[in-house]
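# Build me a model:
(2 chains)
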Amino acid sequence: QQQVKQSPQSLIVQKGGISIINCAYENTAFDYFPWYQQFPGKGPALLIAIRPDVSEKKEGRFTISFNKSAKQFSLHIMDSQPGDSATYFCAATEDTGRRALTFGSGTRLQVQP
Amino acid sequence: EPEVTQTPSHQVTQMGQEVILRCVPISNHLYFYWYRQILGQKVEFLVSFYNNEISEKSEIFDDQFSVERPDGSNFTLKIRSTKLEDSAMYFCASSAGQGGSQPQHFGDGTRLSIL
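As a prediction, this is how the structure comes out:
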């Protein structure tokens, strides 16, 4: 019940295209959903996050869409750039309870020039 | 920008030996975490630490593991009697306050290789 399922495992997108990564969760106690970006040799870095009281959050080229009834959320990267090539992890946690992040399995994104 | 620093970047140890992984969290942060990432797998929570005690731990964090804040700046993870399956990247993270929505800032990790 603590799992967060992420897909696809890998993704190849052409420069300028839209990258879409999907996640699903079971635990209804989760109420905070961050996305992390990880470059090789580096630790995960917070990219964008959303709470379930909104259906969408946008920051620059990055948008999270959230479907509370389906217990799904997704990351959209608009106008994908080669510099976006990294591994992306969705995560979930309880804002007022347990603080540990439960991560998805990761998506390796490659943006081709 | 303040960052979490971890040392060493790579640790190679013989099976059965003890290792200590070190972290310097961001200076005004109060909550500290250890996560691990086995090669090619997802990041997994190990333990969180607040006010000089463990506040939460996962089933991975058994008696083989311990954490300590020996002074005002360092946060350490000790692994006793290491096993081959302990080989992983270990990430330290810190956050300023309570609640999952307080961003957790990660260090660049220590790659632990058990021979």
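# for chain A, what are the nearby residues on chain B?
B:4, B:31, B:33, B:35, B:41-45, B:48, B:55-56, B:58, B:91, B:93, B:95, B:98-109 (Cβ under 8 Å from any Cβ of the partner chain). The C-beta positions use only the backbone N, C-alpha and C, and glycine is treated the same way.
# let's see 7 Å
B:31, B:42-43, B:45, B:48, B:56, B:91, B:99-101, B:103-104, B:106-109 (Cβ under 7 Å from any Cβ of the partner chain).
# List only those of those flagged as buried.
B:31, B:42-43, B:45, B:48, B:56, B:91, B:99-101, B:104, B:106-109 (16 or more other Cβ atoms under 10 Å in any protein chain shown).
# Looking at those, which gets the smallest pLDDT?
Sorting these by pLDDT puts B:G100 at the bottom of the list (60).
# burial count for residue 19?
No chain specified, so I'll use chain A. Close neighbours of A:S19, defined as other Cβ atoms under 10 Å in any protein chain shown, add up to 22.
# Chain B is the one I meant
Count around B:V19 with other Cβ under 10 Å applied: 18.
# if we can go back for a sec, among the residues of chain B next to chain A, which one sits closest to A:Q6?
Of all those, A:Q6 sits closest to B:K42, with 8.0 Å by Cβ to Cβ.
# Give me the distance between that closest one and B:R111.
As judged by Cβ to Cβ, to the nearest Å, B:K42 and B:R111 stand 17 Å apart.
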